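Engineer: what would the 3D arrangement of this be:
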Amino acid sequence: MASDGNGSNRIDTSRPHPARMYDYYLGGKDSYLVDREAAEQVVSLYPGIKEGAWLNRAFMHRAARRLAGLGVRQFLDIGTGIPTEPNLHQTVQRVAPAARVMYTDYDPIVLRHAEALLRGTPEGRIEYVEADVREPAKILAAAREFFDFEQPVALSLVALLHFVSDEYDPIGIVNELLTPMAPGSYVVLSHVTGDFEPEIWARIVDIYRNAGTPAQVRSREEFLRFFDGLELLEPGVTVGPLWHPEPGSVKSGDEKLPLYVGVARKN
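Structural biologist: Residues are numbered from 1 along each chain as shown. Sure, this is the predicted structure:
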């Protein structure tokens, strides 16, 4: 998610932080009272938020495994969040032990846990860069030092762009990140939507915005715009649990999970 832009790594416990709230939804312990109170406000409006957070991670794992299976060996994960096992590098290095993974986040708590993120296979390489998604040039500069941009890269922006409101031009950010990447690169996106319960999600957005986070849910049509000029993999844009689900994993009601996902290829 976007930072305050001042480069400070001071942990601000006076306001809720979306990464710490997300960690709380996942059952983690890296949150403060202010985060838990805000998260519980969200839970009171949408009790399924905790399950939704796990379903989002399950999508990330399936997408990462699929791309590793397609031969991608370089993964750039922006908006990494507080480590929750299995992390992305653990997922892809089980398929491809020599895969390289770069994590990027601006939350100083994630930096504090970077050592856990950097434990991978002997054959692979892992890096962590503290940067704001609104600083794509900084991220790309670091990525060029770590990746071979002549080879495909998988760009992961999972549960991130709903924390980048239109004023920051999130579509432009995605395009800037993808532009220097080789043909055959991929982008993996997930994004909260208000399509199914707009009034509830308008109130949830207010909780985040009142805490200083520029949240914005988007419709399916708005989410599709992130994939303009790219080749969407089957089944295209869908809700998280329906993207290449594991056998027997889909439950009644999953078709209305307020989380759109998609994976697309740069040709």
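Engineer: count of neighbours near the closest residue to G69 other than its chain neighbours?
Structural biologist: Spatial nearest neighbour of G69, chain neighbours left out: V95 (5.9 Å); criterion: C-beta to C-beta, 6 or more residues apart in numbering. C-beta here means a position set from N, CA and C on the backbone, and glycine is covered the same way. Per other C-beta atoms under 10 Å, the neighbour tally for V95 reads 16.
Engineer: next, the contact list for V95, please.
Structural biologist: Going by C-beta atoms under 8 Å, 6 or more residues apart in numbering, V95 touches 65, 68-69.
Engineer: residue contacts, Y22?
Structural biologist: For Y22, the contacting residues are 53, 81-82, 159, by C-beta under 8 Å, 6+ apart.
Engineer: which residues in the stretch 1-150 of the chain form strands?
Structural biologist: In the stretch 1-150 of the chain, the segments counted as strands under DSSP state E, counting those that start in this stretch are 74-78, 100-105, 125-130.
Engineer: wait, which of those strands is closest to S252?
Structural biologist: strand 74-78 (31.8 Å; C-beta to C-beta).
Engineer: sheet-wise, list the partners of the closest one with their directions.
Structural biologist: If you go by DSSP bridges, strand 74-78 pairs up with strand 100-105 (parallel), strand 154-158 (parallel).
Engineer: all helices for the chain, in order.
Structural biologist: Taking DSSP state H, the helices of the chain run over residues 18-25, 33-45, 49-69, 88-95, 108-112, 114-117, 136-146, 170-178, 198-210, 220-224.
Engineer: how about the fourth one: buried residues?
Structural biologist: If I follow you right, that is helix 88-95. 88-93, 95 (16 or more other C-beta atoms under 10 Å).
Engineer: nearest to P136 among the residues you listed?
Structural biologist: The nearest member of those to P136, counting by C-beta to C-beta, is L88 at 19.3 Å.
Engineer: pretty sure the closest one contacts L76?
Structural biologist: No: judged on C-beta atoms under 8 Å, L88 makes no contact with L76 at a distance of 10.0 Å.
Engineer: tell me where the model's unsure across the stretch 151-267 of the chain.
Structural biologist: Counting by pLDDT under 70, the stretch 151-267 of the chain contains no low-confidence range.
Engineer: mind listing the strands for it?
Structural biologist: Secondary structure of the stretch 151-267 of the chain by DSSP E, counting those that start in this stretch: the strands cover 154-158, 186-192, 231-232, 238-239, 259-265.
Engineer: save those strands as TSV, and put in mean neighbour count and distance to T13 too.
Structural biologist: Below are the strands of the stretch 151-267 of the chain laid out as TSV (neighbours: other C-beta atoms under 10 Å; distance: least, C-beta to C-beta, whole Å):
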stretch	mean neighbour count	distance to T13
strand 154-158	24	26
strand 186-192	25	25
strand 231-232	12	41
strand 238-239	20	34
strand 259-265	23	28
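Engineer: about what we covered before: out of the strands paired with strand 74-78, nearest to A131?
Structural biologist: Nearest to A131, of all these, is strand 100-105, at 5.1 Å by C-beta to C-beta.
Engineer: angle of the closest one against helix 18-25?
Structural biologist: Using axes from the mean of the first three to the mean of the last three C-alpha atoms, to 10 degrees, the direction of strand 100-105 lies 110 degrees away from that of helix 18-25.
Engineer: and the nearest residue to F227 once chain neighbours are set aside, what does it touch?
Structural biologist: Excluding its sequence neighbours, the residue lying closest to F227 (C-beta to C-beta, 6+ apart) is A264, at 4.7 Å. Shown in contact with A264 (C-beta under 8 Å, 6+ apart): 186-187, 189, 227, 230-233.
Engineer: and the furthest pair within those?
Structural biologist: Between any two of these (C-beta to C-beta), the greatest distance is 13.9 Å, for L189 and E231.
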